[in-house]
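> give me the fold of what follows.
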Amino acid sequence: MRIASLLAATGVLLSIAPIAAAQQQVRIHDIQGGTRVSPLAGQRVVGVPGVVTGVRGFGSARGFWFQDSEPDADPRTSEGLFVFTGEQTPAVAVGDVVSVGGLVAEYYPVAEGETPETTPNQSVTELTEANWQVSGKGGVPAEVVGPETVPVEYAPQDGAIDKRELEPQRYALDYYESREGMSLRVDDVRVVGPTDAFRALWITTKPEQNANSRGGTTYTGYADANAGRLKVESLEDGPFPAANVGDQLRGSTEGPLDYSRFGGYVLEAARLGEHVPGGLQPESTRPQGDDELAIAAYNVENLAAGGDPAKFARLAEGVVDRLAAPDIVALEEVQDNTGPTDDGVVAADRTLQEFTDAIVAAGGPRYLWRQIDPQNNADGGEPGGNIRVAFLFNPARVSFVDRPGGDSTTPVHPVTDGDRVALSASPGRIDPVNEAWRDSRKPLVGEFLFRGATVLVVANHFTSKGGDQPLHSRFQPPARVSEQQREQQARAVRGFVDEVRAIDERAKVVVLGDLNDFGFAPALAPLTAGGALVPLADALPPVERYSYVFEGNSQQLDHILVSPAIIGDYDIVHTNAEFADQASDHDPQVARLQP
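The predicted model follows:
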């Protein structure tokens, strides 16, 4: 009996239900039942008939799917089922008519620290310890999934939904569960999530659903998870298309429906449609005018000294050509000089030197930088990497006002300097010992002068969404446990802004960076409450507010907010997130301001 199986490709630990001694002859729909959990879990079955629709012949979770050619009339009960054979490739082929026996099990893909009882992931009904006989050849038609097939409403909001009777005509997650293991087909579908390192991409079956101008599907609110999204992998251990958002899989993509903790329901394609590029190109923004202060934010994804020179070169090209060499760049995820080596090093001067050198090599200005080294392993991110935020600035266009006293633990405060607001230390960190910043990057504040005007810039990288339950969770609505810390962080930044405006109501303040949450998220509401800060992305249509693509949803994690005294324009420069080949997983953004 398989008690547990470690999937080498994903590190997922799967557990099964206990064995009962009874054996019975049933059909697949009896095993699947009308809920997510099989009514026969833990029981042995014999003589289950069906036709093989897909074979997974690689990895440590090998097996095959088979489907009943005589379905029942119940829309809740799936007619497909996976047979797990472990690391042994099953001796079957698509089209084989089989009779299968084995143990009915519910497998919960769990992450480290989870158990089948606590994981938010759905279970997969499977047969283990299986035996089968092949009696001939046959076929079953794949169910065609089109724009109207999957309900728009994503999931019932009833808490734990494992044993809730499925309503496949009302909820998208129930529809997919009622087709678990069955062969599905999609025709002429658009890619909405680029190919990743694990040979997977995302398509939409609802091409009009929250479609943005570049071919993606935008996540515009918790009430609309974009039910048309579906992950696609291949059952062939061979070439896989390097697809970008807006590309197409022309013709039919067909295979059994599986479930993974990495994205939820996934079409395991025995046949992939033809990859047709959509021609999407990286964007470039316009240069700033002489009287415009260009400020950008760019998450450079674990940039470390001695890293891949091609990454440095592409990120530098992005700053120079895509962002038109902004006057100030707030960087996130700058690692220390030894990268992920956990050796106590916290300095990042070599990392920043390599990057600014790469910018010069790309034809850009000689940027200077300011940052504060964190305490070792105190700011989260990759262990040993000591990621932090940092400022680059072009001294030919803007001046940085250096004031001593800023370090990893000393809080910065606004002070009066003659007739203007200034900083007690520049650069400085906002309330760095506040519990809100536990295992998270501390905001960096810098005092800049542009054409005689003082501008206070706050660079941020709020805590990640790690630990939140996924959209496809078996607990609905999903718990967003990380929101509480981001809300505390937003309040801390807002407190600093309020201090500034108490000294000078018309002070020029820019708050920007990777806030790791959506513009509609309540965690970010403290920043904008009462009009203290204006989110520049609000000038864009909701479907165009995105800087990141996750599980087929284009979404906004990066933001620029300004105090009401500042006017200007804003651009999210789509250069990375929509592409299979990317220098970072985030798109940069830039604001051209007239302070």
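> outline the domain layout of this structure.
With domains defined by automatic domain parsing, the chain comprises 4-137, 143-276, 293-594.
> where does Ala580 fall, secondary structure wise?
Assignment of secondary structure by DSSP states H and E places Ala580 within no helix or strand.
> that one: neighbour count?
For Ala580, the neighbour count with other Cβ atoms under 10 Å is 18. Quick note: C-beta positions are derived from backbone N, CA and C, even for glycine.
> what does the one 4 residues further on give?
Applying the criterion other Cβ under 10 Å, we find 22 residues in the vicinity of Ser584.
> just the buried positions in stretch 480-497, please.
For stretch 480-497, the neighbour count (16 or more other Cβ atoms under 10 Å) marks 480, 482-483, 485-494, 496-497 as buried.
> cool, and stretch 537-550?
Residues 537, 540, 542-550 are the ones in stretch 537-550 that count as buried (16+ other Cβ under 10 Å).
> least confident of the domains of the chain, on average?
Note on the domains of the chain: lowest mean pLDDT is at domain 4-137, with a mean of 88.
> what secondary structure does Thr48 sit in?
Actually, residue 48 is Val. It isn't Thr. Under DSSP: H, G, I helix; E, B strand; the rest coil, the three-state class of Val48 is strand.
> count the neighbours of it for me.
That count, for Val48 with other Cβ under 10 Å as the rule, works out to 25.
> surely it touches Val26?
Yes: if you go by Cβ atoms under 8 Å, Val48 and Val26 touch, sitting 6.3 Å apart.
> all helices for the protein, in order.
28-32, 172-178, 309-317, 349-361, 483-503, 525-528 (DSSP state H).
> now what about the last one, what contacts it?
Right, the one you point to is helix 525-528. 487, 490-491, 493-494, 497, 511, 533-535, 561 (Cβ atoms under 8 Å, 6 or more residues apart in numbering).
> what's the end-to-end length of stretch 572-583?
Between the opening and closing residues of stretch 572-583 lies a distance of 16 Å (Cα to Cα, to the nearest Å).
> tell me how far that stretch is from the chain's mean position?
13 Å (Cα atoms, centre = their mean, to the nearest Å).
> i'd like the first residue to be 427 from this point on
Yes, from this point I'll number from 427; that puts the last item at stretch 998-1009.
> which of the residues in that stretch are classified as buried?
998-1006, 1008-1009.
> between these, which is nearest Gln902?
Ala1003 (27.0 Å; Cβ to Cβ).
> what sits against Ala742?
Counting by Cβ under 8 Å, 6+ apart, Ala742 touches 781, 784-785, 787-788, 790.
> which among those end up buried?
Buried among these (16+ other Cβ under 10 Å): 781, 784-785, 788, 790.
> looking at those residues, which is nearest Ala637?
Using Cβ to Cβ, Ala788 comes nearest to Ala637 of those, at 33.7 Å.
> wait, that closest one sits on Arg748?
No: under the criterion of Cβ under 8 Å, Ala788 makes no contact with Arg748, lying 10.5 Å away.
> out of the domains of the chain, which gets nearest to Ser710?
Comparing these by Cβ to Cβ, domain 719-1020 comes nearest, at 5.1 Å.
> how long is the closest one end to end?
Termini of domain 719-1020 sit 6 Å apart (Cα to Cα).
> and of the domains of the chain, who's closest to Pro708?
Pro708 sits nearest to domain 719-1020 of all the domains of the chain, at 4.2 Å, using Cβ to Cβ.
> what's the spacing between that closest one and its chain's center?
18 Å.
> and for stretch 566-580?
24 Å.
> the stretch 827-976 of the chain: strands as residue ranges?
Taking DSSP state E, counting those that start in this stretch, the strands of the stretch 827-976 of the chain run over residues 840-843, 846-849, 854-855, 870-876, 879-887, 901-902, 934-940, 960-961, 974-976.
> what's the last one packed up against?
Under the contact definition 3 or more Cβ pairs under 8 Å, 6 or more residues apart in numbering; DSSP states H and E, strand 974-976 sits against strand 609-619, strand 979-981.
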